[in-house]
Every structure is written in structure tokens, then in C-alpha cells.
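> Turn this into a structure:
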Amino acid sequence: MNFKGLVNVCVFIGGCSVEHEISLISGLQAVLNMDQSKYNVRIVYLSKENEFIYLKSFDSLDYFKKGLHLNKKSNCYFKRIGKVTYMVYKGKKWMVDVCFPIVHGSGVEDGSLAGFINLLKVPNVCSGVTSSGVAQDKGLCKRLLKSSGVRMCKFVEVTRETYEKKVSKILNVFSFPLIIKPSLLGSSIGINVAYDEEELKKGITNALAFGEKVVVEQKLEDFVEYNMACLSSKGDLITSLVEEVKSVNSYLTFDDKYYDGGLKELSKENRCIPASISKELEDEIRNYTKVVYRTLGFNGVIRVDYLYDKTNNKLYFNEVNTIPGSLAFYLFKDYSFKELIDILIKDALFRYSKNSNLICSFDSNVLSVKNLKMKK
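Coordinates of the predicted model:
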């Protein structure tokens, strides 16, 4: 795809998700770093009811603090005419060349928005439906990566239907402490640590309030958390520096990430970049990160989180973020935020162009069959 003028970029933010507000922060950071000499940017805000609202301006979070984003007269929609997709606002059409979803959490980041973008037949900067959905489901993600040789802590999945059976198994096979996580949420929401049977049952019950499935893991006692980001550029993977994450709690809480000195991605108090680790450990993190990216078929930028057990000196996969906060720009030493955005958009256009000739329909005369069976 060749562009003589500006590339029309449609940025999606918000959405029906418990991480709605975090998306607004990440979105603002990205929009402020988009090169205005290259991109014609339009912002589509998804309300907490998933209304599509066109934002005429987005240069400050004050816009949301004052409630100016709730103007129902600003609703927009998308329309496909021939081979061109448009965003329509107050009767005016604006062509969309590429979509850039900057959303977090179940309901948007889980492949829901990626599926909508697929229907629009527009290049998507971030990961597709399948990889996004798998990554959002902690249990499914762990099972797939474990089969690819990625090391992780012992875990079990629990649903409402298997509650009694799985609790009994956990008590027989696992040892306390245990960490309990809603399978479909991020940002440490709904996570609890259990030190006995009563806390285990209470933690699972609380986590099930956020979704139909819970992951219970063996909790490490003496560990360090490391993160690494990764993105694709025309098929080649670019990995970042390793980040060491610090927390005064037994696991990184929501407050650690977003209230203790600001966003985790912006707070110098709870991170060390680059991490002071051996080359051997850095290489292991890098290799695992590439395996995660390739195995699950990601696009765009992701961040993979790891736990390093200081007792047995082993690295464990923790989770993966398909659209990380701040797009993990702070982890890439060789690129500015603007340059990273350029790479991401160019890669989306490259992937779309490469797949544009794939067969997606099949001509058949099945509708002309006279005795087509319609009932049993």
C-alpha cells in the first residue's frame, strides 16, 4: 500500500472494560507522539456502553474529567463502500487507512475489537482475533505455551462447575501460599493470595465474580519480576531491554501499577531499566519472549511478564499483554516513541498488503439446487 499523502489513522480508546481509564492514558500518550507530518489522526472513543463517539480533540485527560466526551451528538459509525472503509460523523465521511486500537482488558483487548476491525477490512496495528483471545485467557494461554516448552509455575483452572472438585485437588497437590487470578482480567484486578484453605475458597469465590474461570497458581516466595516487550517489523522481531519491576507487596497490585507514583510505565520508583541481570538470564528471557510471540501469532507490540525464583534460580512465564500500557515504549532504548509508532503502522500496512490476495470466498452453485434439504 503506497500513500502519497498522509496516512489516515483511526485510534480506538476506552471500551466496556474494567481497564477503561487506563486505556485513555495509554491512548493519550500514543496520540501525542504520532507524527502529524505523516498521519491524519482521528480518535474514536468507546464509551463504557461501547458507544462509538468521535473526539474532535484529545490532547489532555481533562477532556474526560470534565465529561465532555459524553456528548451523544458526537456519535459516529463506520461504512464500507466498495473497497474503501469510512468513519462517518454528522454525514461527513472520512477514509480509514489503518486502525490503531489502544484498549486494555476483557471486552475489547480480547479480540472483540480486532474482530470488528477485520469486518471493516482495514489494516490493524495490533494482534488479531485468535491471538488476542488466547492471551486474554490466562489458563488457555498457559496451556498452549507450556506445550511449546515455556516454563511456568504449577497451575490449575477452576470454574463454578468444577469448584468443589478442583479445590480438593488443589489441597492435595499444591502447597500454600497460592495466588488466585480471574482468568480473563488484567492489571492485577481481582487477584488474591491464599495462605490457608479458607482464604483459598474465599479468593476463588471473589475471582469468579469477575468471570467464569479462575487460575490458581503456586506462589513463589522469593522472586523478582522481569518484563520484556517485543514487536514485529516486516517479519523480523525486535525485542526490548529487560525491565525489573519492584513492589512492596507480595505481588504487583493495581495500586502499584497505577497509583504509586503514577503509571507503572512512568514511575521510576518501581522499575529498573535495564535490569541488572546476567547475560545468560537476559538471553533466556529474550528467547522465551520470541517463542511466545511466534507461538501465539501476535502482531504489533506485546509485553511478556516473567517471574524469577531466587530460591531455585529458575525463570517462569507469568502472562502476556497484547496491548501493553504506554505501548511499552519506555523499554525500547534504540527508538523514540514516534519511531516505534512508525514501525507499528508500517508493519500493519505491510501485513495487510501481503495478505490482500488471499482467497476469502468460494463460488458455488449450491443456491441453485432444487431439492436442497432444509429440515431433518
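
> low-scoring stretches of the stretch 201-350 of the chain, by residue?
Low-confidence segments of the stretch 201-350 of the chain (pLDDT under 70): 248-269.

> for it, what spans make up the strands?
Taking DSSP state E, counting those that start in this stretch, the strands of the stretch 201-350 of the chain run over residues 213-218, 223-233, 236-245, 271-272, 301-309, 314-321.

> Turn those strands into CSV, including mean neighbour count.
C-beta: built from backbone N, CA, C; applies to glycine. CSV is the format used below for these (neighbours: other Cβ atoms under 10 Å):
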stretch, mean neighbour count
strand 213-218, 23
strand 223-233, 22
strand 236-245, 18
strand 271-272, 17
strand 301-309, 23
strand 314-321, 20
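
> For Gly139, find the nearest of those.
Closest approach to Gly139 among the strands of the stretch 201-350 of the chain is made by strand 213-218 (5.0 Å; Cβ to Cβ).

> does the closest residue to Arg286 other than its chain neighbours have beta-bridge partners, and which?
Leaving aside its chain neighbours, Arg286 sits nearest to Thr239 (5.3 Å; criterion: Cβ to Cβ, 6 or more residues apart in numbering). In this entry, Thr239 is beta-bridged to Cys230, by DSSP bridges.

> Help me confirm that Thr239 comes into contact with Asn287.
No - judged on Cβ atoms under 8 Å, Thr239 makes no contact with Asn287 at a distance of 9.6 Å.

> any residues in contact with both of the two?
By Cβ atoms under 8 Å, 6 or more residues apart in numbering, Thr239 and Asn287 have no common neighbours.

> how about TSV for the strands of the stretch 201-350 of the chain, with distance to Arg80 added?
Below are these laid out as TSV (distance: least, Cβ to Cβ, whole Å):
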stretch	distance to Arg80
strand 213-218	35
strand 223-233	27
strand 236-245	32
strand 271-272	43
strand 301-309	28
strand 314-321	31
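
> Which among those is found nearest to Tyr89?
For Tyr89, the closest of the strands of the stretch 201-350 of the chain is strand 301-309, at 28.6 Å, according to Cβ to Cβ.

> ok and the closest one relative to strand 236-245, angle-wise?
For strand 301-309 against strand 236-245, the angle by axes from the mean of the first three to the mean of the last three Cα atoms, to 10 degrees is 50 degrees.
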